[in-house]
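# After the sequence you'll find the predicted model.
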There are 2 protein chains.
Amino acid sequence: MDRPNLPLNGLRAFEVAARQGSFTRAAIELRVTQAAVSQQIQRLEDLLGHRLFTRASAGLILTDIGAALHPVLTRNFDEMGEVLDRFHGGRYRETLNLGVVTTFATGWLIPRLEAFEATHPGISLRLFTHNNRIDIAKEGLHMAIRFGDRTAWPWLEAAPLIAAPLTPLCAPDLLPHLQAPPDLAGQRLLRSYRVDEWAGWFAAAGTECPPLEGPVLDSSVALAELAAAGHGVALLPAAMFARQLQAGTLARPFATEIAAGRYWLTWLRGKPPTLAMAQVRAWLLEGAGGQPD
Amino acid sequence: MDRPNLPLNGLRAFEVAARQGSFTRAAIELRVTQAAVSQQIQRLEDLLGHRLFTRASAGLILTDIGAALHPVLTRNFDEMGEVLDRFHGGRYRETLNLGVVTTFATGWLIPRLEAFEATHPGISLRLFTHNNRIDIAKEGLHMAIRFGDRTAWPWLEAAPLIAAPLTPLCAPDLLPHLQAPPDLAGQRLLRSYRVDEWAGWFAAAGTECPPLEGPVLDSSVALAELAAAGHGVALLPAAMFARQLQAGTLARPFATEIAAGRYWLTWLRGKPPTLAMAQVRAWLLEGAGGQPD
DNA sequence: CGCAGGACATAAGCTGAGGTGATGGCATGG
DNA sequence: CCATGCCATCACCTCAGCTTATGTCCTGCG
C-alpha cells in the first residue's frame, strides 16, 4: 500500500485497542472518546474488508487477521516512538550499549573515553565489559567489540579495529633473567584458554617450546596482573598494556611477536545502523586507522 | 514518545520528502500541494526542536539527524504498507517463501501440497529447494526446512519435524543378492557428503564395514536415482522414499536403520512470526506429529 | 545584467476527517 | 430485574491539515 493511502490514525487506534483489549481503555490511552476509537476501527475494518476484532460479550478478541496485523504495528509504532524520544528537550541524544572485551576496554577504550564524550555530546555510551563471549541480541547491545577472527561470527557484521600481536610480558624484575627466548623455559608460562599460542610464539622465536604447566585463565587482564606480580610470564597483546609498560609495572623482554587475530567491532546484520552506531563506528575505525595488520 | 503524540502525518511527509529529495516531488507522491508538505515538515521540525533538512540551493540535504531518522521511518512505513497489502481485494493473502531441502520436498512436502492449499487458501506458498546449505536472510526466505542437528544453526529458531533414520535402499533386482548385511560388501556403496554414515549403519547391523569406494554425491535424490538405476546401494531416509518403495522402483533389503538427525523447520530469531509462518509451522508440526524420534 | 524558471516559505481562508456527546442495544452478575 | 459496563450509532461540531495565492531566493541563460 502506498504512502498516501496508509490509514495511519486507524492503524494507531487499532494497535492501542488490540493491546488494551478494549475500545474504552484505548480511548483513554489515546486521550479521545470511546466513540472515536470505535469509528476509527470500523473505518479500518471497512477499508481492509475484514473484521479485526470479534466483539464478544467477554470483551474484544482479535481475529486471526487482527492478531497477524497487531504485532507488526506494535513493533513499528514502538520503533518510531523510540527514535523520536531521542529528541527529548530539543536535543538529540541517543543511548548506545556497547559490549567491550575487558582487555580492549582497559587498554584502549577507557583511556580515550573522555575524548569521545567531548566530541560526541549526543551519545550516551554505556559499556558492558565481557570476556569475548557475548550475545549481542540477548544482552540488548547495539554493538560489541570482540577479539579474534571474523569467521567466528558469520551472522554478524564486523569492522576490523586494531591488530593485537602477542608477545611475552613479565614483571620488570624478571628482565635480567630473560636475555633470550630459551630463558623462558625456566619460568612459569601463564596460559589463556586460547591453545597453541605459546607454541606459535616459540616457533616465531626459533626456539623449542618448553612443556607448559601452570594456571590457565580466561582473561588477559588477569594474566597481566599475575605477570606483573611476578608469578610468571604471560603472552599478551602488548598494545593493550602500553600504560603498564610505560609505568614500569610490566616489561617486554623480547621484540618477537605473533599475529593472533585482531579486535573487531561487531553488530547485528539486517537492522540499518543508527546515527550513534555510525558515529561510534567511525570514531573507533579512525582511532584504529593507520594501524598495520 | 507515546502513541497519541506520535506526529504520524508529519513523519510520513518527512519520509517521502527525504526519499524524494524535494518537497515538490513529495507533494506529488502524497497527492497534496507543496505547501502542505512544507507545513507538515516545519511542524515536525518545531516539535523535535531540530532542522531535518538543510535547504541548500542545490536542493534539500538531510541533516545528520534527519539522516538518522529517515531509514527508521522508511522501514516502518514500508513494513506497515506490506502488511496491509496482504488484504488486497477484501481477502487476506500472504506469500510465504519456504526453503526446502530437496529430499524432504519430493518425499514429504510435495505430496501434501494440495492438501495444504485446500486448507490454507490465504497462503501463497513459494518453495525454494536447496541441498541443505541455505541462508534464510540472504535468499529472502521466511523459513527453511533443513536436515541435521539444531546445534548447527544456533542463531536460528528451530522446530523439530520428522526424524529420518537411514537404511540401505537399492534397485529391486538386487534384493535376491542381499540376504544379510555382509552381502553388501559385494555392492557399490553410494555415499553422501555426510561421512561415517555407512560405518554407523554397519555397526548397527553388527557387521564389519567394507572399504568404501565409488561416487560421493551431495543429494539424496541423486543417490536414490543412482540406486534405483541399479548403480549401487544408497543409505537413505526410507521415509522420504515411501512412494518409490511402494511403486517398486526402490527396495529396502534390511530392517536395520540408524538415527542420523531429523528435519527441522528453521526461521530467523527476533522477528515475530507472521500469520502465515505460524500456520505453516502448525501444519508442518501437525503433519510430523506422533512421529517417534 | 535582467529575466524566466523552479525551488521552498508564508499567509489566509476553507473543508472534511476525525472528534464530541448523547443515546441505544446487549450482555453479565448480584 | 435492575445496575453496570461494554460497543455501536447518530447528529453535529471543530480544527488539523489542506488549498490557493503570493513572496523570496537562487540558478542558468541569452
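Arrived safely, thanks for sending.

# hang on, A:Ile145 in a strand?
Yes - counting by DSSP: H, G, I helix; E, B strand; the rest coil, A:Ile145 falls inside a strand.

# ok, and the closest non-adjacent residue to it?
Closest residue in space to A:Ile145, ignoring its immediate chain neighbours: A:Val100 at 4.7 Å, by C-beta to C-beta, 6 or more residues apart in numbering or on different chains. For every residue, glycine as well, the C-beta is placed using N, CA and C.

# And the host helix or strand of that neighbour, how far out from the chain middle?
Taking DSSP states H and E as the definition, one finds A:Val100 inside strand A:94-101. Offset of strand A:94-101 from its chain centre (C-alpha atoms, centre = their mean, to the nearest Å): 6 Å.

# Give the other helices and strands that that strand contacts.
With contacts taken as 3 or more C-beta pairs under 8 Å, 6 or more residues apart in numbering or on different chains; DSSP states H and E, strand A:94-101 sits against strand A:123-130, helix A:136-139, strand A:143-148, helix A:275-288.

# my read: A:Val233 touches A:Leu174, true?
Yes - the pair A:Val233 and A:Leu174 passes the contact test of C-beta atoms under 8 Å, sitting 7.0 Å apart.

# ok, the residue nearest to A:Ile145 - contacts?
A:Val100 sits next to A:109, A:127-130, A:144-145 when contact means C-beta atoms under 8 Å, 6 or more residues apart in numbering or on different chains.

# Next, format the residues you listed as CSV and append pLDDT and neighbour count.
Converted to CSV, the contacts of A:Val100 look like this (pLDDT from 0 to 100; neighbours: other C-beta atoms under 10 Å in any protein chain shown):
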residue, pLDDT, neighbour count
A:Leu109, 96, 22
A:Leu127, 96, 15
A:Phe128, 95, 14
A:Thr129, 94, 18
A:His130, 92, 18
A:Ala144, 96, 25
A:Ile145, 96, 24
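
# Please tabulate those residues in CSV, including the columns distance to DNA strand D.
Below are these laid out as CSV (distance: C-beta to the nearest atom of the strand, whole Å):
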residue, distance to DNA strand D
A:Leu109, 43
A:Leu127, 41
A:Phe128, 40
A:Thr129, 46
A:His130, 45
A:Ala144, 40
A:Ile145, 43
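
# Pick the one among these closest to A:Ser22.
Set against A:Ser22, the nearest of the contacts of A:Val100 by C-beta to C-beta is A:Phe128 (39.2 Å).

# ok, how many other residues are close to the residue nearest to the closest one when sequence neighbours are not counted?
Sequence neighbours aside, A:Gly99 is the residue nearest to A:Phe128 in space, at 4.8 Å (criterion: C-beta to C-beta, 6+ apart). A:Gly99 is flanked by 23 other residues according to other C-beta atoms under 10 Å in any protein chain shown.

# And A:Ile110, by the same measure?
14.

# for the helix or strand it falls within, which positions count as buried?
A:Ile110 is located in helix A:110-119, with elements delineated by DSSP H and E. Across helix A:110-119, burial judged by 16 or more other C-beta atoms under 10 Å in any protein chain shown covers A:Phe116.

# CA atoms only for it - export them in PDB, please.
Only the C-alpha atoms of helix A:110-119 are listed here, as PDB (Å, rounded to 0.1, in the frame of the first residue of the first chain):
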ATOM      1  CA  ILE A 110      38.700   3.700  28.600                       C
ATOM      2  CA  PRO A 111      41.800   6.000  28.200                       C
ATOM      3  CA  ARG A 112      40.000   7.500  25.200                       C
ATOM      4  CA  LEU A 113      36.600   7.800  26.600                       C
ATOM      5  CA  GLU A 114      36.800  11.400  27.700                       C
ATOM      6  CA  ALA A 115      37.900  12.400  24.300                       C
ATOM      7  CA  PHE A 116      34.900  10.600  22.900                       C
ATOM      8  CA  GLU A 117      32.400  12.200  25.200                       C
ATOM      9  CA  ALA A 118      33.800  15.600  24.400                       C
ATOM     10  CA  THR A 119      33.400  15.200  20.700                       C
END
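
# For that helix, what does the pLDDT average out to?
Regarding helix A:110-119, the rounded mean pLDDT is 94.

# Same question for stretch A:72-85.
94.

# biggest helix in chain A, by residue count?
Using DSSP state H, we find that the single longest helix of chain A is helix A:64-85.

# Need the residues that contact that helix.
A:11-12, A:14-15, A:18-19, A:48, A:50-53, A:62, B:1-3, B:6, B:11, B:48, B:68-69, B:72-73, B:75-77, B:79-80, B:83, B:86-87, B:92, B:94, B:272, B:274-275.
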